[in-house]
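> just coords:
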């Protein structure tokens, strides 16, 4: 009998209950007990759903109040010593690690592999100690068992935990901490065994990466040490094929191995050949990262022979945790019916697993109706006339090298732009958005509901734009933005105005902490029917004599932060989006907008996990950006923004984008991320972020001045801009104005200390 399970599920709740509880707690409106009650309700509902679908385990430990890596920092008693918390922390301290406090900046945050999920980066020093910290995992196991469920706890494996952390002291290798870490993992497993747990899922997704020899060999040492705990270990890798790590994974002393058969399906035959006769194989047969329905008949045909061979040693699962998809299509009451019929969220993917399990164990006829419905939906998508546009295909075919290059080299453009704008040294600007107040959100909601006329809505947004411009003028910023009051999300706003995109009503996915996003659904060929931002930006420019930036989202971020169609190469979809953005850039220039920012925070995120696959991606990704930006003359200054990623190993590709100015997140790393740009001799201008907008902590002028002085040691001062790390949408006006006033003051300090004109 084939078994079925999931590696993890969304933890935000069907209506983002966790988000609202978190934020209420941070505002002091509810106490810790109330937050924990909401969390328990979400977990219980998730377990009931898995159990009702006939899955053989409920997954425990996939819930986090903020982040799963932060959970392990708390579990392993290794909170950064700079906070002074010690090994055992409570929920208030946990949130301070994530958000910072008056004395300490928050832990660094970066992308989880090549997803749009952000994790908190563990901090390691030579003297870092590990010990059992919080007991939340054990409490949740007991909670599931009390409710009558067979619990399968999930842990991030020790090698992945160390790999994803960062050394905070030079001269040591964090892998040296492994022997100090393993006894604590052994204690955790022993305690889970004492609770009656049979199986523990141990996630080691770094097995899908290029690993140094020392890390690869460390797996054997680590899992021989953990094998004596007495529980059965399911080693889980996902997000890609194992390649040279395949034998490493299959030979480890574990009871089972999970492999990603969606992204790593080409090596399934090798996995089967080398799978020891005593081990179970958990096959990730359903895409855990996208929302298209799985072809269930194709899965059955592909794995039927393997099931006959393995029997109950075959477990069916999604490719990875379902954290990366929305909760349930049941909440989608307004989504286009045809498109909705092509989709599967987490709840539907769990139901699909149940159908597959029944097909394998009772025969196809037992689920004939379910398989027929699935086949009908797939055929509807293939045959739909809404998917392809011949005019867009012709435009792509006509592209030449002339479409992806500016008219002149950067040095010539720079001179032309400096003569046009006459900005001071260390020019100040922001990344684009200003606080989205309750009045803004209310007006937008009323407009969507038809309770506010278009004229009244436009007037309301123009008032907000006027306020943003007025406040920026008063603060003394040099390059202004209109504040993006009319925008709900940096991807959704544009996608709503592009052909080929669809939008859910409640397709929320966690990005980090309480931040949830609703990724657009790219179901067909993409084009721009009408201008999207020109009217708002032209109005904002009319209110000031200072330069006003046009604000756009770039093609790679539109691609990466959407659920992308899987019936054509991603590169093709990216080029379609790039042409749509290009049309907008050209129209902004024609409207008199001289500075245009095309944000690409997801540029690095789209990198394949294996370096051998990087060149092809970087080639078409940088080309897509250049196509979007290269329709303007030399005097128009193109900016881009990137955040929360390591850039040093792709700097040549970033330079190939040829943006006149790039702004990046650097404050959480104390300008460490900037050093690579200096070592690379990055040729264009750069704005390293001088304060973290995701933290309530407001740095003073001295803090920002120190960061700018540090930046000017690695980047030529006449190439430096001054800006926050990211947009200010989530902050309040009072803290925003205080922080920006400090930032402008820091720029003036730097000007007074230099001889720049």
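Arrived safely. These figures come from a predicted structure and were not determined experimentally.

> Please enumerate the helices of the stretch 101-250 of the chain.
Assigned helices in the stretch 101-250 of the chain, in chain order: 136-146, 158-163, 178-194, 213-226, 246-250 (criterion: DSSP state H, counting those that start in this stretch).

> Can I get the ones you listed in JSON lines including mean pLDDT, mean neighbour count and distance to residue 682?
C-beta coordinates here come from the backbone N, C-alpha and C atoms, glycine included. Compiled in JSON lines, the helices of the stretch 101-250 of the chain are given as follows (pLDDT from 0 to 100; neighbours: other CB atoms under 10 Å; distance: least, CB to CB, whole Å):
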{"stretch": "helix 136-146", "mean pLDDT": "98", "mean neighbour count": "18", "distance to residue 682": "43"}
{"stretch": "helix 158-163", "mean pLDDT": "98", "mean neighbour count": "23", "distance to residue 682": "27"}
{"stretch": "helix 178-194", "mean pLDDT": "98", "mean neighbour count": "17", "distance to residue 682": "36"}
{"stretch": "helix 213-226", "mean pLDDT": "97", "mean neighbour count": "17", "distance to residue 682": "30"}
{"stretch": "helix 246-250", "mean pLDDT": "97", "mean neighbour count": "19", "distance to residue 682": "37"}
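
> closest one to residue 677 among those?
For these, proximity to residue 677 was assessed by CB to CB; helix 158-163 is nearest, at 24.3 Å.

> who's in contact with that closest one?
69, 72, 76, 122, 124, 174-175, 177-178, 181-182, 185, 203-206, 209, 215, 218-219, 222, 226 (CB atoms under 8 Å, 6 or more residues apart in numbering).

> about what we covered before: which among the helices of the stretch 101-250 of the chain is found nearest to residue 113?
The closest of those to residue 113 is helix 158-163. By CB to CB, the value is 10.1 Å.

> from the middle of its chain, how far away would the closest one be?
Mean-position distance between helix 158-163 and its chain equals 20 Å (CA atoms, centre = their mean, to the nearest Å).

> try stretch 117-124
Mean-position distance between stretch 117-124 and its chain equals 13 Å (CA atoms, centre = their mean).

> what about the helix or strand residue 623 falls within, average pLDDT?
Mapping residue 623 onto the secondary structure by DSSP states H and E places it in helix 614-629. Looking at helix 614-629 alone, the average pLDDT works out to 96.

> Could you list the buried residues of it?
614, 617-618, 620-629 (16 or more other CB atoms under 10 Å).

> And whichever helix or strand comes after it, what does it pack against?
Downstream of helix 614-629, the first helix or strand assigned by DSSP H and E is strand 637-642. In terms of contact count using 3 or more CB pairs under 8 Å, 6 or more residues apart in numbering; DSSP states H and E, strand 637-642 is assigned the packing partners helix 410-421, strand 595-599, strand 661-664.

> quick one: strands adjacent to strand 637-642?
In the sheet, strand 637-642 lines up against strand 595-599 (parallel), strand 661-664 (parallel) (DSSP bridges).

> what angle separates that strand from helix 410-421?
Between the axes of strand 637-642 and helix 410-421, defined by axes from the mean of the first three to the mean of the last three CA atoms, to 10 degrees, the angle is 110 degrees.
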